[in-house]
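J.: Test case, fold it:
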Amino acid sequence: MSNLKQIGYFAVAVLSVKGLGFLLLTISTRFLSQVEFGQLNFLVTVSALCSLILSIGLPELLLKQQYNTHTEKLALFRDAVITTFIFSLLFAGCSLIFSEQIAHQLPAKVDPLDLRLLIVNLVLSALIGIPYIYYRLTNNARTYCYLCISHALVQTTLTITLLFLGFSITGVMVSGVVSSLLIVCISYFDIFKVINVSYSEFSWRIQGKQTVFIISIVISSLFIYAGNGAENWFIVANFDETLLANYYVAAQFAVLTSFTFEPIRLWWFAKRFSLVKNNKSEYESKAILCLNVGLALCVVMSVLAPITLNLVLPNNYHGNEHWLVLLIIVVAIRHHSDILNIGCYTHKNGIWVPIINFLTALVGLSLLYLLVPMFAVEGAILSLIIMQSFKLLCFYLTSQKFVPLTFKLSSLAPSWLALLIIAGISFMPGNLILQLGVLLAYIFVFINQYKSIILRVIKKTVEERKYAQLL
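T.: Numbers count the residues shown, from 1 in each chain. Predicted coordinates:
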């Protein structure tokens with residue numbers, strides 16, 4: 001399957017899943033009160049934190065580890081499944097036993113039953129992660145796409161049904177458990193025979209170096225959470241679930257920007273280590289191209305996302321569109337950290353990743369502690385912008401030290417200029433006409449900048465369609 005087709009399947013999967021999630025957002029804000037919606041979103045925040053621990057860095061290890069034979073790679077998948085299963089059982093056992101006590105210690109009001117359902121869903125989601133990585137690495141984007149869409153369809157349908165029947169937050173949690181259990185059964189039935197490599201052929205693959213790598217990734221991921229979820233804890237602890245609900249809505253619309261970039265990101269993360277090893281020049285050009293596409297999506301979404309928010313959500317969620325545009329800037333900075341950093345992962349088993357993320361977490365948590373009580377949501381967003389900029393600078397300089405690369409960063413200037421102008425305009429009343437003008441001018445510049453690549457893609461797509469028709 002060609003790279004373009006793989007990206008296409010990833011695009012269909014991501015857009016379908018996030019589209020259905022977006023549908024749920026518009027429906028749940030009508031079935032749940034703002035307080036209930038804030039409580040639900042706090043559970044999502046807890047879920048994001050716990051999933052970082054449950055994954056124990058295995059997805060990153062599976063993507064990074066290179067072997068001479070395909071069978072040896074399958075043996076690593078075998079061991080990853082066993083490790084995830086054992087660790088998940090231990091996590092679930094301890095968490096379920098103390099679920100009452102944990103629920104009472106959280107800053108938001110959480111029903112212990114909802115917390116228990118969340119724990120079960122977290123375990124199932126951790127198990128699903130391994131087959132999804134397998135499909136990505138084996139160029140089986142079609143199966144990945146089908147499973148993702150099936151998961152989202154079942155969960156969305158069941159969630160809407162249970163909300164309509166009055167089950168509130170508990171209904172959302174139940175739908176997550178049922179849909180995840182279904183996908184676990186289907187995916188493992190599909191891959192079990194393939195990854196069932198005999199230990200007489202290949203012994204246990206997760207050894208010393210791999211263990212150091214996954215520990216560094218887990219620790220690093222926990223530090224990353226300081227800039228991707230910790231602000232929710234500060235907001236709900238200093239204010240209430242209603243303000244958290246309003247912030248979360250803006251954050252979700254900003255995250256939609258990241259999801260539009262996800263198909264390219266999924267493809268890039270699976271290929272980047274082999275690409276930088278075999279062809280640095282191609283790596284440099286494709287990295288900047290991917291990053292500029294991500295920035296272009298940020299520019300477009302900074303205009304379209306606020307319009308969409310006001311169209312689809314109830315009135316009590318309106319009036320904070322500037323939060324959304326500023327959060328899109330946070331997403332744009334994060335894209336740079338993802339794409340421009342490769343050296344930190346290839347040097348000494350990625351030890352610099354947790355070090356930098358630790359320093360970033362210290363900066364971020366300190367800023368959140370100081371600024372959120374004084375400036376509420378605006379303080380949280382300012383903290384995120386400063387923290388992500390600090391992280392980008394550290395990652396880029398460290399990566400360049402270990403793997404020197406020549407990136408044409410000047411190519412990003414038009415995209416950043418357009419994004420910052422639109423962000424400034426978002427604070428002005430009646431700003432839509434000005435923003436649309438900037439967007440149209442930017443689109444013209446972007447098309448001219450990448451005219452040859454765009455024409456080449458169009459030509460290749462037309463040729464493949466003609467060939468398919470001949471068949």
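
J.: tell me which element Lys271 falls in.
T.: helix 241-278 (DSSP states H and E).

J.: The spatially closest residue to Val44 that is not a sequence neighbour: neighbouring residues, count only.
T.: What sits nearest to Val44 in space, not counting adjacent residues and going by C-beta to C-beta, 6 or more residues apart in numbering, is Tyr248, at 7.9 Å. C-betas here are computed from N, CA, C, even on glycine. Tyr248 has 24 neighbours, counted by other C-beta atoms under 10 Å.

J.: what about Tyr248, distance to Ile215?
T.: According to C-beta to C-beta, to the nearest Å, Tyr248 and Ile215 sit 31 Å apart.

J.: Which elements pack onto the very next helix or strand once past the helix holding Lys271?
T.: Sequence-wise, the next helix or strand downstream of helix 241-278 (DSSP H and E) is helix 280-312. Contacts defined by 3 or more C-beta pairs under 8 Å, 6 or more residues apart in numbering; DSSP states H and E place helix 280-312 against helix 241-278, helix 321-340, helix 413-425, helix 432-449.

J.: For Leu295, which of those helices is the nearest?
T.: Across the helices and strands packed on helix 280-312, Leu295 has its closest neighbour in helix 413-425 (3.6 Å, C-beta to C-beta).

J.: between the closest one and helix 280-312, how many degrees?
T.: Relative orientation of helix 413-425 and helix 280-312, computed by axes from the mean of the first three to the mean of the last three C-alpha atoms, to 10 degrees: 20 degrees.

J.: Now do the buried residues in helix 413-425.
T.: For helix 413-425, the neighbour count (16 or more other C-beta atoms under 10 Å) marks 414-416, 418-419, 421-423, 425 as buried.

J.: likewise stretch 359-371?
T.: Using 16+ other C-beta under 10 Å as the test for burial, stretch 359-371 gives 360-361, 363-365, 367-368, 371.

J.: Filter those down to the ones in helices?
T.: When DSSP state H is applied, the buried residues of stretch 359-371 are split such that 360-361, 363-365, 367-368, 371 fall in helices.

J.: quick one: which of these is nearest to Ser88?
T.: Checking those against Ser88 with C-beta to C-beta, the nearest one is Ala361 at 25.2 Å.

J.: Quick one: residues contacting that closest one.
T.: 222-227 (C-beta atoms under 8 Å, 6 or more residues apart in numbering).

J.: Would you mind checking those residues for buried ones?
T.: The buried subset of those - by 16+ other C-beta under 10 Å - is 222-227.

J.: quick one: which of the ones in helices among the buried residues of stretch 359-371 is nearest Thr159?
T.: Ranked by distance to Thr159 (C-beta to C-beta), these are led by Leu368 at 30.9 Å.

J.: Report the contact partners of that closest one.
T.: 226, 230-231, 234, 379-380, 383.

J.: biggest separation within those residues, which pair?
T.: Farthest pair in the contacts of Leu368 (C-beta to C-beta) is Ala226 and Gly379. Separation: 14.9 Å.

J.: which element is Ser47 on?
T.: Per DSSP H and E: helix 34-54 holds Ser47.

J.: So what's the gap between that helix and the chain middle?
T.: Helix 34-54 sits 15 Å away from the centroid of its parent chain (C-alpha atoms, centre = their mean, to the nearest Å).

J.: same thing with stretch 76-87?
T.: On the basis of C-alpha atoms, centre = their mean, stretch 76-87 sits 23 Å off its chain's mean C-alpha point.

J.: tell me which element Glu378 is part of?
T.: Secondary structure from DSSP H and E places Glu378 in helix 352-402.

J.: how many other residues sit next to the closest residue to Phe87 other than its chain neighbours?
T.: Nearest non-adjacent residue to Phe87, counting by C-beta to C-beta, 6+ apart: Ile56, 5.8 Å away. Counted with other C-beta under 10 Å, the neighbours of Ile56 add up to 22.

J.: State the distance from Arg116 to Leu54.
T.: Relative to Leu54, and taking C-beta to C-beta, Arg116 is found at 15 Å.
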